[in-house]
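**Q** Okay, sequence plus prediction incoming.
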Amino acid sequence: MERIGLTYNTEKEQIVITQYGRCVQEMIKKLPEIEDRKQRTEAAKYIISVMVQMNPSIKESSDYEHKLWDHLYMISGYNLDLDSPYAPPIPVAQQSKPQHIGYQNNNIKYGHYGQYLIKMIEAAAVEPNDEVREALAYSLAGQMKRDYLEWNKSVVNDQVIIDDLKTISGGRLVISEETKLNSTGEMPSKPQQQAKQQQPQQGKKKKKKVPNLKANMNNPNNPAYKKRMQELGKM
């Protein structure tokens, strides 16, 4: 059965940029047929205004006018000779692909700590000053626990952190097994400091509670109140 005057969209040319629709695309395809360059440029400007109406969200971009002219050239198949306010875009087929930067092949055994923390531990392990190296060990151990908890929200054993720190540093960063690591940004305390904080303060006497005499003197059940009333001859 022959179809007279009927053409399905599936039989037509594919739309290059669907946001503008088929009518805009057909208007752009007609531009090369205009012989006068000035008239052809004015017609292109009119089509640009129609494209804005068809895709108003493009105005949210700061350089939307430049994008509209680029889209105009793309829809035309880069086959336009106009007095455009912008340089014509380079066809996609002629654009050179950027050089592939490649993938990192670093095999991180302790991925939950991250590569940068591993490098910090290795740098701290070669610190010649013993006091500085010890301070770095406690600081890094606290950061290791926080990074570990980002991967595993359950409570992690501090001994695991201490053993990992010793292994990664090659035995150069060693902290006491009694150390309690903090999951916050606070520095972990040494066992001596922790014991000192837990000891109750001695030598301070508790203050005795001083009774409120004014309140007690108004209480009829208070012996001092009764005695005072007897002295005044009221009882």
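**A** Yes, it's here.
**Q** Residue 118 - how many residues pack around it?
**A** If you count neighbours by other Cβ atoms under 10 Å, residue 118 ends up with 18. The C-beta positions use only the backbone N, C-alpha and C, and glycine is treated the same way.
**Q** repeat for residue 42
**A** Neighbour tally, residue 42, other Cβ under 10 Å: 14.
**Q** wait, residue 73 sits on residue 88?
**A** Yes: using Cβ atoms under 8 Å, residue 73 is in contact with residue 88, at 5.3 Å.
**Q** shared neighbours of those two, anything?
**A** Shared contacts of residue 73 and residue 88, defined by Cβ atoms under 8 Å, 6 or more residues apart in numbering, are found at residue 80.
**Q** Compare neighbour counts for these two and give me the winner.
**A** Set residue 73 next to residue 88 and count neighbours by other Cβ under 10 Å: residue 73 wins out with 21 against 15.
**Q** gap between the more buried one and residue 223?
**A** As judged by Cβ to Cβ, to the nearest Å, residue 73 and residue 223 stand 106 Å apart.
**Q** Domains in this structure, by residue range?
**A** With domains defined by automatic domain parsing, the chain comprises 9-91, 115-193.
**Q** Residue 73 falls within a strand, correct?
**A** No: under DSSP: H, G, I helix; E, B strand; the rest coil, residue 73 sits outside any strand and is assigned helix.
**Q** Tell me where the protein has strands.
**A** For the chain, applying DSSP state E gives no strands.
**Q** Now the most centrally placed residue in the chain. Nearest residue, chain neighbours left out?
**A** For the chain, the residue sitting closest to the mean C-alpha position, by Cα atoms, centre = their mean, is residue 150 at 13.7 Å. Nearest non-adjacent residue to residue 150, counting by Cβ to Cβ, 6 or more residues apart in numbering: residue 112, 7.6 Å away.
**Q** my guess is that neighbour contacts residue 149, does it?
**A** No: assessed by Cβ under 8 Å, residue 112 is found out of contact with residue 149, at 9.3 Å.
**Q** residue contacts, the residue nearest to residue 150?
**A** 147-148, 150-152 are the contacts of residue 112 under Cβ under 8 Å, 6+ apart.
**Q** Try it again at 10 Å.
**A** Residues near residue 112 by Cβ atoms under 10 Å, 6 or more residues apart in numbering: 144, 147-152, 156, 164.
**Q** do residue 20 as well
**A** With Cβ under 10 Å, 6+ apart, residue 20 has these contacts: 27-28, 47, 50-55, 58, 68, 71-72, 75.
**Q** Pull out the buried members of those residues.
**A** 27-28, 47, 51, 55, 58, 68, 71-72, 75 (16 or more other Cβ atoms under 10 Å).
**Q** hmm, back to that, and the domains of the chain, which one is worst for confidence?
**A** Mean pLDDT is lowest for domain 115-193 among these, at a mean of 84.
**Q** can you pull out the helices in the protein?
**A** Applying DSSP state H to the chain gives helices spanning 21-29, 37-54, 64-75, 115-125, 130-151, 158-168, 191-198, 213-217, 223-231.
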